[in-house]
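# Here is my input; please provide its structure:
(one chain, ligands or ions: 1)
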Amino acid sequence: MPAQAAHPPADLVAARVRDPYPYFAWLRRHAPAHVERRPGRPAVWQVSRYEDVRALLTDSRLSKDPDRVPGYVPGPAGFNRHLVHADPPDHTRLRTLVNTAFVPRRIAMLEPFINAVAHRLLDRVEHHTHVDLIADFAAPLTFRMICAILGVPEHLDTAETRDTLMATIAPEASADPARAERELRRLLDALIADKRSGEGPGGMDLLGALVRAGDESGTISEEELRSTAYLLLLVGHDTTMNLLGNGMLALLRHPAEAARLAAQDAGSRLVTTAVEELLRYDSPVRDATFRCAAAPIGLHGRTIGTGDIVSLLIGSANRDEERFRDADLLDLGRTPNDHLAFGYGLHFCIGAALARLEGAVAFPLLLKRLAAAELAKPADELPWRPARVMRGLAALPLVRR
Ligand code: HEM
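Numbers count the residues shown, from 1 in each chain. Sure thing, here's the model as predicted:
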């Protein structure tokens, strides 16, 4: 087989949203530097092997500044000035401003709160025969946590706010992302004005701290402030919601592994390795975020041109047989497990400690409290959201028989 067959099989491409893994396996084997070219658009390269993805995550020839690709906007246009779309020194400045709120020591203090919210959500559906693990649990839990850290008041912590937030990135033709963006902008501007006038909750208040940093030392502009608030709300929610959904689905499909985990006490070693394995096995952030080549890059005999977009396929890297023995197998005790689910290098996930803690609290609890629940429909009929970067379910319907 040639190293660079031009076209991946159409059936694998068509099934990409529902099940990207056969497509990824094909890419790793036949086209480890695969390019898609469309008229009038920048070329998009897909990099699928673990070693390449990891090396390129720390390669300074790749830039995260979308201004290098004229006309290309990698997210809602009004919310694009944040650390995910910045190179040093802007990246360093913005990352330093938010990082302290997410250090593991501070995050660890949230455990009783996460536990209490998780129990409360499960209490609400205690007697229901039908439970949607996403709408009833994963969405409200993860949004509650990021709202608490940012200092978003409880009356804005609603399903409606979450829907508006998610609609800003919905690629479906039926969605109206521009309208959602306008609504969210109004909401965030009002919230920032409240922080400025000194209102808002005490305790954790990252947004209030960012507003003060901007006003007192000019370290963050108004546009960056709004974009950063948007970014943190989105990635604090969407990613971990996907971890809980994808992870529970994996456990439901592997009852023997689930039974292993259900038998554990909180804080046991297997809970820690299980969260890592679920992150690897069905990675919530399927592709790394926007990157483009700031200089030509040679890869597997091909050349990524300056200005081309490069998509580093984390979900593929994490299933690379060259790196992980029995990569398609779920093994909750897997060690070592140097997956790339949180990225690598300069842009390594700020929220990793929070996401890990939410997972470590939620999975054992769900296995206990939903022990009698099973999938309400066949796994291959579940609705996956057709997102650009993320991999997550729109719903995970369970039934107690
Ligand atoms: C299971 C959950 C999560 C996963 C799998 C995940 C994954 C990732 C990945 C892969 C990156 C690097 C992207 C790249 O280099 O292109 C990243 C960056 C980031 N993550 Fe997470 N994340 C998760 C949860 C969170 C949470 C809860 C937060 C909280 C706010 C968060 C905040 C961020 C931020 C701010 C960045 C950008 C860091 C930078 O550019 O320097 N993430 N995340």
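# burial count for whichever residue of the chain sits closest to the ligand?
Going by CB to the nearest ligand atom, the ligand is nearest to residue 351 of the chain, at 2.0 Å. Where you see a C-beta, it was placed from the backbone N, CA and C, and this is true even at glycine. Neighbours of residue 351 under the rule other CB atoms under 10 Å: 21.
# buried stuff in stretch 157-167?
For stretch 157-167, the buried set under the neighbour-count rule, 16 or more other CB atoms under 10 Å, comprises 161, 162, 164, 165, 166, 167.
# so what pLDDT did residue 199 get?
Predicted confidence (pLDDT) for residue 199: 66.
# Residue 202 too?
So, for residue 202, pLDDT stands at 64.
# what's the answer for residue 313, then?
So residue 313 comes in at 98 (pLDDT).
# what's the closest non-adjacent residue to it?
residue 48 (4.8 Å; CB to CB, 6 or more residues apart in numbering).
# Return the residues in contact with that neighbour.
Shown in contact with residue 48 (CB atoms under 8 Å, 6 or more residues apart in numbering): 24, 27, 28, 31, 32, 34, 313, 316, 317, 320.
# Get me the contact residues on the stretch 251-400 of the chain for the ligand.
Contact residues, the stretch 251-400 of the chain versus the ligand (CB under 6 Å from any ligand atom): 279, 284-285, 288-289, 314, 341-343, 347, 349-351, 354-355.
# Just give me the closest of those to residue 147.
The nearest member of these to residue 147, counting by CB to CB, is residue 354 at 12.6 Å.
# Give me the number of neighbouring residues for the closest one.
Residue 354, neighbours per other CB under 10 Å, totals 25.
# pretty sure it is in contact with residue 101, am I right?
No. Using CB atoms under 8 Å, residue 354 is not in contact with residue 101; the gap is 9.5 Å.
# Now for those two: what residues contact both?
Common contact partners of residue 354 and residue 101 (CB under 8 Å, 6+ apart): residue 149.
# OK, contacts around residue 344?
Taking CB under 8 Å, 6+ apart, we find residue 344 in contact with 54, 57, 58.
# Correction: the previous question concerned residue 35.
Residues near residue 35 by CB under 8 Å, 6+ apart: 43, 44, 45, 46, 302, 304, 308.
# Quick check, the fifth one in contact with residue 34.
No. Taking CB under 8 Å as the definition, residue 302 is not a contact partner of residue 34, at 9.1 Å.
# Which one of the two is surrounded by more residues?
Under the neighbour definition other CB under 10 Å, residue 302 and residue 34 were set side by side, and residue 34 has more, 23 against 16.
# my guess is that one is in a strand, correct?
Yes. Counting by DSSP: H, G, I helix; E, B strand; the rest coil, residue 34 is part of a strand.
# Now it: closest residue in space, sequence neighbours ignored.
residue 46 (4.5 Å).
# List the contacts of that neighbour.
Each residue near residue 46 by CB under 8 Å, 6+ apart is listed here: 27, 31, 33, 34, 35, 36, 311, 313.
# What strand or helix carries residue 229?
helix 222-253 (DSSP states H and E).
# mean confidence for that helix?
The pLDDT scores in helix 222-253 average 97.
# So which bits of it are buried?
For helix 222-253, by 16+ other CB under 10 Å, it's 224-252.
# gap between that helix and the chain center?
5 Å (CA atoms, centre = their mean, to the nearest Å).
# what packs against the helix or strand just after that helix?
The element immediately downstream of helix 222-253 (helix or strand, assigned by DSSP H and E) is helix 255-262. Packing partners of helix 255-262 (3 or more CB pairs under 8 Å, 6 or more residues apart in numbering; DSSP states H and E): helix 222-253, helix 269-281, helix 352-369.
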